[in-house]
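In: Pasted the sequence and its predicted model underneath.
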Amino acid sequence: MIPLPLHEVVAAIERLYPPHTALAWDRVGLVSGDLDQPVSLVHLAVDPTLAVIEEARAAGADLLITHHPLLLRGVHSVATSGAKGASVTALVENHIALYVAHTNADVATPGVSDALASACALVDVGPLQVIDGVGHGRVGSLAHELTLREFVQRLSTVLPKAVGGIRVAGPAEATVIRVAVVGGSGDDSFDAVRASGADVFVTADLRHHPTLEAREEARGGTPYLVDAGHWATEWMWLQSARAELLRDLDTRGTSLNTHICTLRTDPWDFVIGAGTSDNTGGTS
């Protein structure tokens, strides 16, 4: 396979995930690399951790595409005594370009939430809400009703396994058919979820107070809540990103070798004392 210059691959990525659609606080785009360097193998991952960069190096990757930024907040040193500096150094020394597609990939079609909607086996999918002409999140329907327990059990067979598992707020035997999804953190979307008429909301990083308030507002009814984990809900996008990148390049008569990261970058390692309770305080 003939290598492509990095600038051609970057152009393809930005056709799929235009940088201007990222949120104002975000930091997307090319982080390291020479736009003229050759690219033969693209490595895709959720997080640009040191272990992921090492996996990319061992695989012989020229380009690492991640969902999460490496340098989201201000960095004043890239000394290797810090993890950020060690990451930058490893990328540069091994001639690995890093490209980040974050909130611009969240709102793309297809994007992160589309991948999660597909994992939920939804049909008739559309935006959960439209802000400034851009669709955020997704809402759709199951082919037929399932109990909340059946729905989450099916979802658990599709998502990658994480130590935290999947947390659910709602009665296990309640029936659900309309589902809203937001890949990654989504507890700022409760108003849109309620307006959508969703029976269940699949997302991640549900904090105590917003979640408790949402269940109180529901008075034990819908929407039920499913916290499937930040890394797990966004990992599904990697397969979509690879397919879309190869499709775009194919229309131009080119292609690349690709590899999806095999590492779990969810930060948790074990759980102690997890359990369920029949005393829910009336919130489910």
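Out: Arrived safely.
In: Just give me the residue closest to the centre of this protein.
Out: By C-alpha atoms, centre = their mean, the chain has its centre lying nearest to Glu234, at 2.0 Å.
In: how about the strands in the stretch 1-150 of the chain?
Out: Using DSSP state E, counting those that start in this stretch, the strands found in the stretch 1-150 of the chain span residues 4-5, 29-32, 38-39, 41-45, 63-66, 97-100, 123-131, 134-147.
In: CA atoms only: put the fourth one into CSV for me.
Out: Extracted in CSV, the C-alpha atoms of strand 41-45 (Å, rounded to 0.1, in the frame of the first residue of the first chain):
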residue,chain,number,x,y,z
LEU,A,41,-0.8,2.8,9.3
VAL,A,42,-3.4,4.7,11.3
HIS,A,43,-4.1,3.7,14.9
LEU,A,44,-7.4,4.6,16.5
ALA,A,45,-8.1,5.0,20.2
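In: ok, and what's touching that strand?
Out: Contact with strand 41-45 is made by 9, 52, 55-56, 59-67, 238, 241-242, 245, 256-261, 263, 265, as judged by C-beta atoms under 8 Å, 6 or more residues apart in numbering. Every residue, glycine included, has its C-beta placed from N, CA and C.
In: And the lengthiest helix in the chain, what does it pack against?
Out: Across the chain, the helix with the greatest residue count (assigned by DSSP state H) is helix 230-250. With contacts taken as 3 or more C-beta pairs under 8 Å, 6 or more residues apart in numbering; DSSP states H and E, helix 230-250 sits against helix 6-16, strand 41-45, helix 112-119, strand 175-185, strand 200-204, strand 257-260.
In: For the first one, name the packing helices and strands.
Out: Okay, so that is helix 6-16. Judged by 3+ C-beta pairs under 8 Å, 6+ apart, helix 6-16 is in contact with strand 38-39, strand 63-66, strand 97-100, helix 230-250.
In: and the first one, which strands flank it?
Out: So that's strand 38-39. Sheet pairing here is set by DSSP bridges, and for strand 38-39 it gives strand 4-5 (antiparallel).
In: ok, now the third one?
Out: Strand 97-100 has the following sheet partners, assigned by DSSP bridges: strand 29-32 (antiparallel), strand 63-66 (parallel).
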